[in-house]
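>>> Fold the following and give me the result.
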Amino acid sequence: MVGRLLRVTSLLVIVLATVFTVWLINLGVQPVIAVAAGLTVPVAMHALPLGIEFLVGSIVDRRPTSRLGTVDAAAMWLTESWRSFAVFNIDQPWRSAFAERSIVADPGRPAVLLIHGYMCNRATWRSWVLQGLPRTWNIATVNLEPAFAPIDDYAVCIAEAVALLRAASGAERVTLVCHSMGGLAARAFLRAHGTDVVEKVITIDTPHHGTVFARFAQGANTQQMRRDCDYVRGLAKSEEQVEFICFASQHDNLIIPRDSQVLACAEAVWFEKIGHLAMTTHSEVLARLIQAVERPVASVAPAKISSAFNATRIAPAQG
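Model prediction:
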């Protein structure tokens with residue numbers, strides 16, 4: 001569903017850029033300049049709302065660690081704009097059918113299920129799956145469909161994906177690696193199916209306590225990601241005996257306030273100068289992810305997923 005929708009919107013963007021180019025030429029602008037201006041339209045359509053998001057984030061988040069200089073802020077904004085363009089205009093519309101690696105029947109290998117976020121599909125992970133994540137892992141992806149369904153509905157497709165990965169690999173337990181809303185979907189899965197088949201959960205930029213921007217998006221799932229809404233408060237009452245690691249960006253443009261990315265019972269790994277989507281391609285995030293998946297599982301006592309904003313460990317990383 002997401003792929004089809006994004007194919008339509010990406011084609012409309014091409015039409016818009018073409019019309020803009022022709023209009024400039026008709027105004028007497030030199031063709032080379034008009035074409036160059038037209039080529040900026042697709043990226044600019046991402047850059048403008050992202051700039052607003054970063055601005056709002058800087059206003060709401062007054063912590064000293066969130067302050068950036070002009071050069072760093074501009075670099076992060078441009079990187080996130082390009083990543084957003086690549087995700088929504090290239091990868092997800094046209095490359096979501098990429099072939100996954102073959103699963104090896106070896107229970108000794110880490111079995112990892114990658115779970116994407118809101119208005120995304122499995123192509124979110126294309127870069128890391130094709131080149132980045134270790135070849136010694138058994139990796140699978142999942143599409144959360146329908147795109148605008150309540151988050152609890154995604155527990156079914158996650159359960160199916162976990163079962164398939166366990167059957168093919170022989171692994172007793174699976175590690176869930178989740179981006180954005182995918183982390184809430186994983187928690188919904190744990191609430192519905194328990195933790196017996198889950199090794200650990202690693203969330204990346206997940207709005208565990210909601211985000212102020214959710215009120216501007218569409219779908220039942222976005223209503224459940226609103227700041228301190230009933231849904232996230234309900235998840236906070238769950239008791240789950242599984243290790244949680246929260247990867248979070250000090251400068252995330254979409255999860256505001258940024259403390260929402262961290263669960264009180266979880267280990268927190270903080271990064272700097274990285275935007276929301278760029279976290280799924282950044283080399284430092286990838287390196288920390290590999291370390292987190294491959295290290296021994298920590299001993300976890302049953303604990304409530306508290307809504308308090310504290311963490312057991314904070315490890316900033318330069319972006």
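>>> the strands in the stretch 101-250 of the chain, which residues?
Using DSSP state E, counting those that start in this stretch, the strands of the stretch 101-250 of the chain run over residues 111-115, 138-142, 174-179, 198-204, 243-249.
>>> Mean neighbour count added to those, as a markdown table?
No exception for glycine: its C-beta is placed from N, CA and C like everyone else's. Output for the strands of the stretch 101-250 of the chain, formatted as a markdown table (neighbours: other CB atoms under 10 Å):
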| stretch | mean neighbour count |
| --- | --- |
| strand 111-115 | 26 |
| strand 138-142 | 23 |
| strand 174-179 | 25 |
| strand 198-204 | 24 |
| strand 243-249 | 25 |
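>>> Switch those over to CSV, and while doing so, append distance to Arg288 and mean pLDDT to every line.
Shown next, in CSV, are the strands of the stretch 101-250 of the chain (distance: least, CB to CB, whole Å; pLDDT from 0 to 100):
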stretch, distance to Arg288, mean pLDDT
strand 111-115, 14, 98
strand 138-142, 17, 97
strand 174-179, 12, 98
strand 198-204, 9, 97
strand 243-249, 7, 96
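>>> out of those strands, nearest to Thr124?
strand 174-179 (6.1 Å; CB to CB).
>>> Just the angle for that closest one relative to strand 138-142, thanks.
Here the directions of strand 174-179 and strand 138-142 differ by 50 degrees (axes from the mean of the first three to the mean of the last three CA atoms, to 10 degrees).
>>> Can you tell me how far Ala167 is from Ala99?
19 Å (CB to CB, to the nearest Å).
>>> neighbour count winner among these two?
Comparing Ala167 with Ala99 by other CB atoms under 10 Å, the one with more neighbours is Ala167, at 11 against 7.
>>> ok, which stretches of the stretch 1-150 of the chain are helices?
All helices of the stretch 1-150 of the chain, identified by DSSP state H, counting those that start in this stretch, fall at 2-26, 31-60, 70-86, 92-94, 126-130.
>>> In CSV: those, plus mean pLDDT, distance to Ala248 and mean neighbour count.
Shown next, in CSV, are those (pLDDT from 0 to 100; distance: least, CB to CB, whole Å; neighbours: other CB atoms under 10 Å):
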stretch, mean pLDDT, distance to Ala248, mean neighbour count
helix 2-26, 90, 25, 15
helix 31-60, 92, 13, 16
helix 70-86, 95, 15, 17
helix 92-94, 93, 23, 19
helix 126-130, 95, 18, 18
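>>> Val232: which of those helices is closest?
helix 31-60 (17.6 Å).
>>> okay, the angle between that closest one and helix 70-86?
110 degrees.
>>> name the helices or strands packed onto helix 31-60?
Using 3 or more CB pairs under 8 Å, 6 or more residues apart in numbering; DSSP states H and E as the contact test, the elements touching helix 31-60 are helix 2-26, helix 70-86.
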